[in-house]
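> pasting a predicted model and its sequence here:
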Amino acid sequence: MPRIGTHIKDLRRRRKLTVRELAARSGISHATISLIERDRTSPSIDTLSAITDSLGTTLVGFFADIQQSAPSSPFYGADELVEIGATRSISYRMLGVNHPNRHILMLHEVYEIGADTGAAFSHTSQEAGFVLLGEIELTVGEATRVLRRGDGYYFDSRQPHRFRNVGRTRAEIISAVSPPTY
């Protein structure tokens, strides 16, 4: 992924500005801009905001450009799935952790016998998934259902929800969360 300073320098050059001209526009010293462009210092949010405003972009646009320019392979080996939020009885392995501008959280979830996510929780997104193995009791709001191999679900994650392995074997799910808020 390109560094912040490199991206600022590219934007400044595309706009045919010198470091001193950008400094005058942004109110940030030319020495500070020079250090940032050489990735010798990291700008604060306020400093970066002043610089991006002076370059005619927003912080969101600035970081979206960085993410879109990052090279990425569309393929991931099993050993490249990153473990996020694992416990002794539940594993969440994430696909595409370094994918630029990611809009979906794809997970391979494993629930050992008796595993339970605990008290119902909620977050702002939508979730969908398929049970690959075992039996999962899923509670969404006031509704509860036991899902078995081949069954699926899709719900608004703002509703409190809970997953529990109620079977006699390990359970596995392939799930997606969008936007990736969990």
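Structure's in. What do you need? Remember, predicted model here, so these are calculated numbers, not experimental data. Numbering: from 1, shown residues only.
> how many residues are close by the nearest residue to Asp39 once chain neighbours are set aside?
Distances taken as C-beta to C-beta, 6 or more residues apart in numbering put Gly5 closest to Asp39, at 4.1 Å, once the chain neighbours are dropped. Where C-beta positions appear, they are placed from N, C-alpha and C, glycine not excepted. Using other C-beta atoms under 10 Å, the number of residues around Gly5 comes to 19.
> which stretches of this structure form strands?
Secondary structure of the chain (DSSP state E): strands located at 82-83, 90-95, 105-111, 126-133, 135-140, 143-148, 152-156, 161-165, 171-178.
> now distance to Asp10 and mean pLDDT too, for those, in JSON lines please.
As requested, the strands of the chain are exported to JSON lines (distance: least, C-beta to C-beta, whole Å; pLDDT from 0 to 100):
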{"stretch": "strand 82-83", "distance to Asp10": "29", "mean pLDDT": "82"}
{"stretch": "strand 90-95", "distance to Asp10": "30", "mean pLDDT": "90"}
{"stretch": "strand 105-111", "distance to Asp10": "30", "mean pLDDT": "95"}
{"stretch": "strand 126-133", "distance to Asp10": "36", "mean pLDDT": "97"}
{"stretch": "strand 135-140", "distance to Asp10": "46", "mean pLDDT": "98"}
{"stretch": "strand 143-148", "distance to Asp10": "49", "mean pLDDT": "98"}
{"stretch": "strand 152-156", "distance to Asp10": "40", "mean pLDDT": "98"}
{"stretch": "strand 161-165", "distance to Asp10": "43", "mean pLDDT": "97"}
{"stretch": "strand 171-178", "distance to Asp10": "31", "mean pLDDT": "96"}
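> of the ones you listed, which approaches Leu48 most closely?
In this view, these are compared for proximity to Leu48 by C-beta to C-beta, and strand 105-111 is the closest at 26.4 Å.
> and the closest one, how far out from the chain's middle?
Averaging C-alpha positions (C-alpha atoms, centre = their mean, to the nearest Å) puts strand 105-111 14 Å from its chain's average.
> tabulate the strands of the chain (CSV), appending mean neighbour count.
Formatted as CSV, the entries for the strands of the chain read as follows, by neighbours: other C-beta atoms under 10 Å:
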stretch, mean neighbour count
strand 82-83, 11
strand 90-95, 18
strand 105-111, 21
strand 126-133, 18
strand 135-140, 19
strand 143-148, 13
strand 152-156, 14
strand 161-165, 20
strand 171-178, 19
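> in this structure, which helix or strand is least confident?
Between all helices and strands in the chain, the lowest mean by mean pLDDT, DSSP states H and E belongs to helix 59-69, at a mean of 69.
> now the strands of the chain as TSV including distance to Leu59?
Converted to TSV, these look like this (distance: least, C-beta to C-beta, whole Å):
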stretch	distance to Leu59
strand 82-83	26
strand 90-95	25
strand 105-111	23
strand 126-133	26
strand 135-140	35
strand 143-148	40
strand 152-156	29
strand 161-165	32
strand 171-178	22
